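Novice: can't give you the sequence, but here's the structure:
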């Protein structure tokens, strides 16, 4: 079966608060070179280039970030870098992209991709996208599950039928979606063998997802279905008027948990990492014999398991262990690696305390 016309829809409006103080509202995680020389957004576009050329890439972002996204992605048509008038969660963003792609070709398949994930085995990943695109062209809403490497509590899970094998090239039914579990439940999921990490990556025909939006989120459908073309002089004003009328909900809750035409791919791990915290960056970084990772000159005396990010500064650590140390020109973060997920709560606390200029 021939691979259908494939578009990439990259969701790039997030703030990346767990990467404070490096990630800020005006320059969030996806626009930063967290791992490697390219930003995570640039890496997302670059890795699919052999399958999806830049002229078929769409980026949904915010008005604040649109100019910066355009600067980072000069090959993507400017009219396809679309700024939401306000953040409404993933369902409206995806519906908006689907409506614009459907203006060109309602049979085109769109691969919905996060802007801030890392994938190390690109050839295997592209093979999965091709197989998933063919399944999506048969009017399926396709989700990608990743074979778990360990019992992670920070991800949602996809339940596939018992006995399903990872790496198959055809889609299978999805039994259920499970929210982020407690540790004991995550352990059970991994032991069972048919629960996979929800990668947040989806493929479907533009027309198919619009039909689902019309059925399950009619207000959202009405808000996006009749928009002018994105290169029209009337587009921005029309979007500003209609978009606040959309349902503020995720694609998982709004569509996937209600639709009956869901299919999934239980994927062998292709080096996927959502790079969801400073701890994730530490795990990816090269380390010295005592498990320290640093991107700046350091002197470490009886110190182990630390991550140091302080460009342009010399850092000395004495008898401390398993810390995150991130220094910027106006803020310094020090926290235990085990508590790296709490950085997003710290950002909320800063905003409540009147330090929002630092966020």
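Specialist: Sure thing, it's come through. Keep in mind that this is a model prediction, so the values were computed, not measured.
Novice: which element is residue 7 on?
Specialist: Taking DSSP states H and E as the definition, one finds residue 7 inside strand 6-11.
Novice: partner strands of that strand, parallel or antiparallel?
Specialist: With DSSP bridges as the test, strand 6-11 is paired with strand 57-62 (parallel), strand 109-114 (parallel).
Novice: quick one: closest of the ones you listed to residue 46.
Specialist: Set against residue 46 and scored by Cβ to Cβ, the strands paired with strand 6-11 come closest in strand 57-62, at 10.6 Å. Every C-beta, even on glycine, is put in place using the N, C-alpha and C of the backbone.
Novice: so for the closest one, what gets flagged as buried?
Specialist: Neighbour-count burial for strand 57-62, counted by 16 or more other Cβ atoms under 10 Å, picks out 57, 58, 59, 60, 61, 62.
Novice: also stretch 123-136?
Specialist: Neighbour counts using 16+ other Cβ under 10 Å place 125, 126, 127, 128, 129, 131, 132, 133, 134, 135, 136 of stretch 123-136 among the buried residues.
Novice: contacting residues around the fifth one?
Specialist: Shown here is residue 129, whose contacts under the criterion Cβ atoms under 8 Å, 6 or more residues apart in numbering are 6, 48, 51, 111, 203.
Novice: per-residue confidence for it?
Specialist: What the model reports for residue 129 is a pLDDT of 97.
Novice: re earlier: got the buried residues of stretch 123-136 as a markdown table, with secondary structure and distance to residue 186 columns?
Specialist: As requested, these are exported to a markdown table (DSSP: H, G, I helix; E, B strand; the rest coil; distance: Cβ to Cβ, whole Å):
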| residue | secondary structure | distance to residue 186 |
| --- | --- | --- |
| 125 | helix | 24 |
| 126 | helix | 29 |
| 127 | helix | 28 |
| 128 | helix | 23 |
| 129 | helix | 27 |
| 131 | helix | 27 |
| 132 | helix | 25 |
| 133 | helix | 30 |
| 134 | helix | 32 |
| 135 | helix | 28 |
| 136 | helix | 29 |
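Novice: any idea how far the closest residue to residue 348 other than its chain neighbours is from residue 64?
Specialist: Counting by Cβ to Cβ, 6 or more residues apart in numbering, residue 17 is the residue found nearest to residue 348 once chain neighbours are left out, at 7.8 Å. Counting by Cβ to Cβ, to the nearest Å, the separation of residue 17 from residue 64 is 15 Å.
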